[in-house]
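**Q** Predicted model, plus sequence, below.
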Protein chains: 4
Amino acid sequence: MPLSPEQQAEIDTLRASPRSTLRTVSEGMERHLYTAHPVLDHGFVRVVDYMGDDAAITQAARVSYGKGTRSVQNDEGLIRYLMRHWHSTPFEMCEVKLHVKLPVFVARQWIRHRTANVNEYSARYSILDREFYIPAPEHVAAQSEVNNQGRGDTLQGDEAARVLEILKGDSMRAYDHYEQMISQEGQQGLARELARMNLPANIYTQWYWKVDLHNLFHFLRLRADAHAQYEIRVYADALCEIVKDWVPFAYKAFEDYRLGAVSLSAQMVDCLKRMLNGEAVTEENCGMSKREWREFKGVLE
Amino acid sequence: MPLSPEQQAEIDTLRASPRSTLRTVSEGMERHLYTAHPVLDHGFVRVVDYMGDDAAITQAARVSYGKGTRSVQNDEGLIRYLMRHWHSTPFEMCEVKLHVKLPVFVARQWIRHRTANVNEYSARYSILDREFYIPAPEHVAAQSEVNNQGRGDTLQGDEAARVLEILKGDSMRAYDHYEQMISQEGQQGLARELARMNLPANIYTQWYWKVDLHNLFHFLRLRADAHAQYEIRVYADALCEIVKDWVPFAYKAFEDYRLGAVSLSAQMVDCLKRMLNGEAVTEENCGMSKREWREFKGVLE
Amino acid sequence: MPLSPEQQAEIDTLRASPRSTLRTVSEGMERHLYTAHPVLDHGFVRVVDYMGDDAAITQAARVSYGKGTRSVQNDEGLIRYLMRHWHSTPFEMCEVKLHVKLPVFVARQWIRHRTANVNEYSARYSILDREFYIPAPEHVAAQSEVNNQGRGDTLQGDEAARVLEILKGDSMRAYDHYEQMISQEGQQGLARELARMNLPANIYTQWYWKVDLHNLFHFLRLRADAHAQYEIRVYADALCEIVKDWVPFAYKAFEDYRLGAVSLSAQMVDCLKRMLNGEAVTEENCGMSKREWREFKGVLE
Amino acid sequence: MPLSPEQQAEIDTLRASPRSTLRTVSEGMERHLYTAHPVLDHGFVRVVDYMGDDAAITQAARVSYGKGTRSVQNDEGLIRYLMRHWHSTPFEMCEVKLHVKLPVFVARQWIRHRTANVNEYSARYSILDREFYIPAPEHVAAQSEVNNQGRGDTLQGDEAARVLEILKGDSMRAYDHYEQMISQEGQQGLARELARMNLPANIYTQWYWKVDLHNLFHFLRLRADAHAQYEIRVYADALCEIVKDWVPFAYKAFEDYRLGAVSLSAQMVDCLKRMLNGEAVTEENCGMSKREWREFKGVLE
């Protein structure tokens, strides 16, 4: 359970107090505000604030004064055009601020996206909670044999049991020792900035993460992808659901031109034309490496 | 007059339609929303959207769930502490989106601040208006004799008149020729992307500019400074008034620790200690260059 | 002629003094160092410094200690893999610093790429030269009838002559007036920071521009594209030739997977599969907008 | 010992092969190239590549063609002026690429500086080494009683011994379990991307980190500061020694105007003037908070 009763009470209070604003409002996003969407065993994402909606994208693109006279249909067409042709600045005009609770090893991947604002819970200043990510049995998987940085089949039987036992046991022991070291009962107590080094990477941390829509789409394209590690992909999936309600036109365009799109190399385009002309293109005569040919076949199946 | 009646009507409509939101609201900022604050002879700044308030800064610093139990007084103290100790990420949690109309030579300085999002009116796509910045007579100034990149006394009499005549005449002629070249009456009409090159740097452009509060403060520190060119400083001054109403605690801290603060070099601190010990420190025995000594004296007067 | 004899002499001196270094050296890039490649009528690009080569990309990707034991063939394969799968950080490990002379209206497009370092010649501090871009007759083109932000056919006869006459006449007059206003003979002389506003956007400026290879490729993908304005595209083309000599493997991968590649939307991929199955897909049954269908047909022809 | 014999041999080979270049060379930096400077018990920093020197800073500031006619003395004066007046872009024209080996909890602080390029050793792809940071006894310190995010006195006797025993024991056990889980002997072997989560934050990682001089100075100002955690400060200190040899003028200016400088608030400047006028300014009549007064007194002592 990611939220304590006190936390849930705070969220309920915030959701109970609508206020008046002259700003653009996204009704779809208002429904998400403050609500914690659970991810993994102790994590969550929740929207703390947002700026803009679909109309804000087209408004910026047109540098217009107000809502303008364009119809909603025009708005969708323009958004699709902007996405298709890799315009980035209009999408930067929407912004979202999230509160995320996530395991440290996920946070370490996430932070590589540098074009965002972050305030992380400080383990120099504060004491971390006893919360560790322990994978559900169906996600305890073997090293992939084809992909050096991926996972393969789910582990079975004794091996899976041993893994879970190790992860749980080491987490609890590390936390017990963390508490012992910082304790000031009968001793001085180790500095928190030192004691934290004993904690493993499956401990949960949390942060405020603020990002514009363009950079969020970039994050989602990489992290909602099948090649992303499962434990970060579930956060990306949860965010996709939120973005879909926030800016439905932009999200649909993102699905069509990014998530569901494919990029074909010059060689692939050439092969394609030959195939459409009825030529039998094979691995031997395609002019691509074995790996690229396999990727090309993957696109067409 | 920067706004046409149609534009003012649109702004009035936007201001007439309050909506309900669960987000944080800054009452001081709501009063500014959409209103165009005039700057120079045809320019303006107006707030199109914003995210966050003073409380959002401390909330992010604490990575807290809700408004927390801290008092407002604590909030101000924490904000001042964060500003004094150069914490940047909590201030990044507030964001503002502005619509700015400004001369091109001001835009060229402004854009050097790269950590912001910009959508500028496109002169490839659209036709620019016949609006040029002509300085008020009291701002037609001579080259500074002490500062290679500044201005000195106001020009007087014939010389001032000649300057104004040149600026007005060349602007109008350039725009007349711009219109002639793109005209499609009786001719094909030059491409807009080419015709625009005939327009001088005092023509007005406009853009949407979105920036977080930390980077906005950095912009204001440099551009609301006495050494900044007058024509960009007036924009910075107008923004200072807006920010003061948006996040009053943060703005006060910014005034005390940035705008009104001074930075003393290691040598200056050393001299200061000697002076407080009663020693007569002079340009000769201060160990600084002539220029640094002058700057040091400037601080203490 | 962009370079004065004094400037050429300086460049010759720099090229005449090889020094010893332990750093990675790109022989292809050494040949370009300092040489000014002419662009447009008065502009140029020249390499002032660079860091890294093809091997530096793979070395960073492997976080290895030295050149490692991998063969050159492996290096090319890895670079192609990294490019194909949108890895960005290894390409960021190469850096180039350029000196560019370019018209102001080109500089205004260029600067929108924010992820670079820029030092521009200051017209507050210094006096600009009397150098203006005047298009060659074959580049004086009409507004495009299909593309709102593009150009169409070359203008002919009287209309072309009028355009060139206007551009030349207004440039010279604006510069004459600029000189008159700042002159201190018999008058105080207007501040340079003010006088510059009279100069049109075809005047040349210059800057140092430093960028990493990943962001340079992003710039080149957008600006070496057929939809980019001719006057910036020629700079991108000149840079492509330089990059090709600097990092030949990375450049080839960039050509295959970016410049020559196409991105197909989810709908386009679907149509493609239907076509390869022998189905007759038409504008009517393709499920795309008219515009997308036209773009799709463009890819396959 | 951070380097294996093989690694040292690679470094020796790289240092044994000087090559010819036309680029700017910093003799002081050439002496550092590739050499691993030890930090903490298993860490190091080593320079992999660099671009520019002191002259490159002034060259960019002047946007000049070559070395220009200015004397070296002028260069130092200009560099000091640029630093004192917060010019940033000329310092961005120098770049350095480092290979750093560091504990994960240090890496997590370090990565918060976003304006740099990073390639980290991937624990999804590769197996981490059995190397953990264990503090030297004199750095095993108690929680500070005045600073919530700092450390106080060194722990003594049994308590210190217990801490070291815990850190060593838990590190070894976690690594043993890591090896057991990924082992493919007699079992499938857990995916590396999962097994890594069992490793504590004192394990060493390594990365290539590339940054420009302006952003490096910003990093050093915060991390070579007395308030920074000891374990990152020693890296900053090692970098200071390197930068001092690379760009001696810029580093001296950084020492005088940043590291050794102080920032005084508007209130502090006011108090100072009163004190220099002979007035007795006390905590009661100073108009500052208790904390600010303490900081002010700290500056003057």
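**A** Everything's here; your move.
**Q** hey, let's count contacts and neighbours off CA atoms from now on
**A** OK.
**Q** Determine the longest helix present in chain A.
**A** The residue-count maximum for a helix in chain A (DSSP state H) belongs to helix A:157-182.
**Q** Report the angle between that helix and helix D:157-182.
**A** Helix A:157-182 and helix D:157-182 meet at an angle of 160 degrees, taking axes from the mean of the first three to the mean of the last three Cα atoms, to 10 degrees as the criterion.
**Q** Quick one: residues in contact with the helix or strand just after helix A:157-182.
**A** Toward the C-terminus, helix A:157-182 is succeeded by helix A:192-195 as the next helix or strand (DSSP states H and E). When contacts are taken as Cα atoms under 8 Å, 6 or more residues apart in numbering or on different chains, the neighbours of helix A:192-195 outside the stretch itself are A:123-127, A:178, A:181-182, D:140, D:143, D:149-151, D:229.
**Q** Lowest pLDDT pick from the residues you listed?
**A** For these, the least confidently modelled position is residue D:149, at 82, judged by pLDDT.
**Q** and that residue, backbone torsions?
**A** Reported as degrees, to the nearest 10, the phi and psi values for residue D:149 are phi -120, psi 40.
**Q** cool, and residue A:271?
**A** Per degrees, to the nearest 10, the residue geometry at residue A:271, taken as phi and psi, is phi -60, psi -40.
**Q** That one contacts residue A:286, doesn't it?
**A** Yes - using Cα atoms under 8 Å, residue A:271 makes contact with residue A:286 at a distance of 6.4 Å.
**Q** for chain A, which spans come out with low pLDDT?
**A** Applying pLDDT under 70 to the predicted model, the residue ranges of chain A that meet it are A:1-2, A:64-73.
**Q** The residue in the stretch 51-200 of chain A that chain C sits nearest to: what's it in contact with?
**A** The stretch 51-200 of chain A approaches chain C most closely through residue A:84 (8.3 Å), counting by Cα to the nearest Cα. Contacts for residue A:84 were tallied using Cα under 8 Å, 6+ apart; they are A:253, A:257.
**Q** Distance of it relative to chain B?
**A** Plainly put, residue A:84 is 18 Å away from chain B if you go by Cα to the nearest Cα, to the nearest Å.
**Q** And that residue, how close does it get to residue A:43?
**A** Residue A:84 sits 34 Å away from residue A:43, going by Cα to Cα, to the nearest Å.
**Q** same question, residue A:81
**A** Using Cα to Cα, residue A:81 is found at 36 Å from residue A:43.
**Q** Kindly report the same for residue A:113.
**A** Using Cα to Cα, which is the criterion applied here, residue A:113 is 20 Å from residue A:43.
**Q** So which of the two has more stuff around it?
**A** Counting neighbours by other Cα atoms under 10 Å in any protein chain shown for residue A:113 and for residue A:43 shows that residue A:43 has the greater number, 23 against 15.
**Q** How many residues are close by the closest residue to the more buried one other than its chain neighbours?
**A** Of all residues beyond its chain neighbours, the one nearest residue A:43 is residue A:101 (4.7 Å), with distances taken as Cα to Cα, 6 or more residues apart in numbering or on different chains. Taking other Cα under 10 Å as the neighbour definition, residue A:101 ends up with a count of 26.
**Q** wait, what's in contact with residue A:101?
**A** Contacts of residue A:101 were listed using Cα under 8 Å, 6+ apart, and they are A:42, A:43, A:44, A:45, A:204, A:205, A:206, A:207.
**Q** hmm, which of the residues you listed are the buried ones?
**A** With burial judged by 16 or more other Cα atoms under 10 Å in any protein chain shown, the buried subset of the contacts of residue A:101 is A:42, A:43, A:44, A:45, A:204, A:205, A:206, A:207.
**Q** so is the last one in a helix, a strand, or just coil?
**A** Think residue A:207. Here residue A:207 takes the strand state, with states given by DSSP: H, G, I helix; E, B strand; the rest coil.
**Q** And for the fifth one?
**A** Here residue A:204 takes the strand state, with states given by three-state DSSP.
**Q** ok, so what distance separates it from chain C?
**A** Applying Cα to the nearest Cα, the value for residue A:204 to chain C is 27 Å.
**Q** now do the first one
**A** Between residue A:42 and chain C the distance, using Cα to the nearest Cα, works out to 31 Å.
**Q** any idea how far that residue is from residue A:127?
**A** 17 Å.
**Q** Could you tell me which residues make contact with the residue sitting nearest the centre point of chain A?
**A** The centroid of chain A falls nearest to residue A:236 when counting by Cα atoms, centre = their mean (2.9 Å). Taking Cα under 8 Å, 6+ apart as the criterion, residue A:236 is in contact with A:219, A:220, A:223, A:224.
**Q** count of neighbours near the second one?
**A** Here the neighbour count serves as a burial measure; for residue A:220 (other Cα under 10 Å) it reads 20.
**Q** farthest pair in the contacts of residue A:101?
**A** Spatial extent of those (Cα to Cα) is set by the pair A:42 and A:207 at 14.1 Å.
**Q** Please look at residue A:177 and residue D:166 and confirm they touch.
**A** Yes - with the criterion set as Cα under 8 Å, residue A:177 and residue D:166 qualify as a contacting pair; they are 6.9 Å apart.
**Q** which one of these two has more residues nearby?
**A** Per other Cα under 10 Å, whichever of residue A:177 and residue D:166 has more neighbours is residue A:177, with 20 against 17.
**Q** Going by neighbour count, which residues in stretch A:226-237 are buried?
**A** For stretch A:226-237, a neighbour-count test (16+ other Cα under 10 Å) marks A:228, A:229, A:230, A:231, A:232, A:233, A:234, A:235, A:236, A:237 as buried.
**Q** any idea what sits nearest residue A:280, other than its immediate chain neighbours?
**A** That would be residue A:274: by Cα to Cα, 6+ apart, it lies 7.8 Å from residue A:280.
**Q** Which of the three states applies to the one you found?
**A** Going by three-state DSSP, the state assigned to residue A:274 is helix.
**Q** Pretty sure it sits against residue A:281.
**A** Yes - the pair formed by residue A:274 and residue A:281 meets the contact definition of Cα under 8 Å, at 7.2 Å.
**Q** all strands of the stretch 51-200 of chain A, in order?
**A** Under the criterion DSSP state E, counting those that start in this stretch, the stretch 51-200 of chain A carries strands at the ranges A:95-103, A:117-120, A:141-143, A:151-154.
**Q** Out of those strands, which one sits most buried?
**A** Mean neighbour count, computed with mean count of other Cα atoms under 10 Å in any protein chain shown, is highest for strand A:141-143 among the strands of the stretch 51-200 of chain A, reaching a mean of 26.
**Q** Give me the contacts around that strand.
**A** A:150, A:151, A:152, A:153, A:154, A:155, D:182, D:188, D:189, D:190, D:191, D:192.
**Q** picking up where we left off before, for the residue nearest to residue A:43, which residues make a bridge with it?
**A** Per DSSP bridges, the residues bridged to residue A:101 are residue A:44, residue A:206.
**Q** ok, it to residue A:235 distance?
**A** Residue A:101 sits at a distance of 10 Å from residue A:235 (criterion: Cα to Cα).
**Q** Overlap of the contact sets of the two?
**A** residue A:45.
**Q** follow-up on the earlier one: kindly reformat the contacts of residue A:236 as TSV containing distance to chain B and secondary structure.
**A** Converted to TSV, the contacts of residue A:236 look like this (distance: Cα to the nearest Cα, whole Å; DSSP: H, G, I helix; E, B strand; the rest coil):
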residue	distance to chain B	secondary structure
A:219	18	helix
A:220	20	helix
A:223	23	helix
A:224	25	coil
